[in-house]
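*Asks:* any chance you can model this:
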Amino acid sequence: MPPKACSPACANASPVRPDAMDFLVTTLLNALTLISILMLVGLGLAISFGLMNVTNLAHGEFVTVGAFAVYFVQSMGGSFWLGLAAAPIAGAAIGCILEFAIIRHLYSRPVSTVLATWGVSLILQQGLELTFGLGAKPVTPPIEGTLDLFFTVYPAYRLILIAIAMLTLLGVVLLIGRTSFGLDIRTVIQNREMAEGVGINTRRTYAIAFTFGAAIAGLAGGLVAPLAIVLPQMGVNYLANAFFVVIVGGVGSIGGLVAGSVFVGLTSILNYQISPSLAQAIVLLAAIVAVRLRPNGLLNGASR
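*Replies:* Got it, this is the predicted structure:
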């Protein structure tokens, strides 16, 4: 939102002009919205990449499937919230099929996994295009209005998106830190052989974790659908940023994921000030510098 004009009298009345506060608060909320989206997309990737060491190039398509699930439900006369409930289910279904049919057979062949998931991503893109046709698909947010936040007004739906993302992150933290399944995940991450030795079914843990990560990505797609251009190729942009988030923040750490999301999100907010291509180049350069200085992640280790 561009800053509003302010008279000289207004400028002299306060050391911080209202238009400056409007711009600052709006920019921070825009950054928080982007950070929330990146956090959800990166969270799903961190589960598969951090736990299973699977470079899944089809992860962006889980986001796309979630967005199209909301579009499909709305096109059939359903509400946005019903579509949002269907989004993680659609993502989980595709993730479960992918893990069962392909990925579980390629755990020891990382290069083959990259090629296979890249092929799957192209298949999913073409499948969505054949099913829903060309062109952007409209998704209507559940709330159209804005909220007055004293210094500025801001779209209500974006605030809802931020709240849902934070609640989801909290739920994942509790799941991993307070449940037996979370203990199994942490054990497998630290030492797969030892986990098998104490009786943990690592194959089942992998399958559930991968499906769960796909579900979170589907939820992210459903949430971002009213704000994005819903196309079969939309997931490609989120895939690159998700890898930036996971690698910069540090693999296998929720705290690192949050730090990576904040880092990439605050850098990406330059989209509002400069051309998107230049902003993306700056994000890439900043990620390279961060990885060089902190090769194990922002919270996982110092430079070497």
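*Asks:* excluding chain neighbours, give the residue nearest to Met52 in space.
*Replies:* Tyr206 (5.4 Å; Cβ to Cβ, 6 or more residues apart in numbering). C-beta coordinates here come from the backbone N, C-alpha and C atoms, glycine included.
*Asks:* meant to ask about Gly249, not that
*Replies:* Gly260 (2.4 Å).
*Asks:* can you list the weak-confidence ranges in the stretch 151-300 of the chain?
*Replies:* For the stretch 151-300 of the chain, the stretches with pLDDT under 70 are 251-253, 268, 270-277, 279, 295-300.
*Asks:* quick one: the helices in it?
*Replies:* Using DSSP state H, counting those that start in this stretch, the helices of the stretch 151-300 of the chain run over 156-178, 180-190, 192-197, 202-224, 235-249, 254-268, 276-293.
*Asks:* ok, the residue nearest to Met52 - contacts?
*Replies:* Leu51, Met52, Glu99, Arg104, Tyr107, Val188 (Cβ atoms under 8 Å, 6 or more residues apart in numbering).
*Asks:* any idea which residue sits dead centre in the protein?
*Replies:* Val41 (1.8 Å; Cα atoms, centre = their mean).
*Asks:* just say helix, strand or coil for Val139.
*Replies:* Secondary structure, DSSP: H, G, I helix; E, B strand; the rest coil: Val139 is coil.
*Asks:* ok, it to Val41 distance?
*Replies:* 17 Å (Cβ to Cβ, to the nearest Å).
*Asks:* next, count neighbours for Gly127.
*Replies:* Residues lying near Gly127 (other Cβ atoms under 10 Å) number 13.
*Asks:* tell me the SS of it?
*Replies:* Applying three-state DSSP: Gly127 is helix.
*Asks:* repeat that for Leu134.
*Replies:* coil.
*Asks:* that one: how many residues sit nearby?
*Replies:* 8.
*Asks:* pLDDT at it, what is it?
*Replies:* Leu134 carries a pLDDT value of 84.
*Asks:* for it, give me phi and psi.
*Replies:* phi -80, psi 170 (degrees, to the nearest 10).
*Asks:* how much space is there between it and Gln233?
*Replies:* 11 Å.
*Asks:* wait, what's in contact with the residue nearest to Ala287 when sequence neighbours are not counted?
*Replies:* Distances taken as Cβ to Cβ, 6+ apart put Phe244 closest to Ala287, at 4.7 Å, once the chain neighbours are dropped. With contact taken as Cβ under 8 Å, 6+ apart, Phe244 is in contact with Gly260, Val264, Val283, Leu284, Ala287.
*Asks:* by contact count, what packs against the helix or strand that Asp22 is a member of?
*Replies:* For Asp22, the host element (DSSP states H and E) is helix 18-46. On a contact count with 3 or more Cβ pairs under 8 Å, 6 or more residues apart in numbering; DSSP states H and E, helix 18-46 meets helix 59-75, strand 153-155, helix 156-178, helix 202-224, helix 235-249, helix 254-268.
*Asks:* mind doing that once more with 6 Å?
*Replies:* helix 156-178, helix 202-224, helix 235-249, helix 254-268 (3 or more Cβ pairs under 6 Å, 6 or more residues apart in numbering; DSSP states H and E).
*Asks:* so for that helix, what's the average pLDDT?
*Replies:* 84.
*Asks:* if you count neighbours, what's buried in it?
*Replies:* Neighbour-count burial for helix 18-46, counted by 16 or more other Cβ atoms under 10 Å, picks out 18-20, 22-23, 25-27, 29-46.
*Asks:* distance of the residue nearest to Gly249 from Ile254?
*Replies:* 11 Å.
*Asks:* neighbour count for those two, which is higher?
*Replies:* Gly260 (32 against 19).
*Asks:* residues contacting that one?
*Replies:* When contacts are counted by Cβ atoms under 6 Å, 6 or more residues apart in numbering, Gly260 touches Val245, Val248, Gly249.
*Asks:* state the number of residues packed around the last one.
*Replies:* Looking back up the chat, that one is Gly249. 29.
*Asks:* Throw the helices of the stretch 151-300 of the chain into a markdown table and include distance to Ala86, thanks.
*Replies:* Shown next, in a markdown table, are these (distance: least, Cβ to Cβ, whole Å):
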| stretch | distance to Ala86 |
| --- | --- |
| helix 156-178 | 15 |
| helix 180-190 | 24 |
| helix 192-197 | 34 |
| helix 202-224 | 8 |
| helix 235-249 | 17 |
| helix 254-268 | 25 |
| helix 276-293 | 30 |
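*Asks:* how about the ones you listed, which one is nearest Thr64?
*Replies:* helix 235-249 (4.0 Å; Cβ to Cβ).
*Asks:* could you check the angle helix 254-268 makes with that closest one?
*Replies:* Orientation note: helix 235-249 sits at an angle of 120 degrees relative to helix 254-268 (axes from the mean of the first three to the mean of the last three Cα atoms, to 10 degrees).
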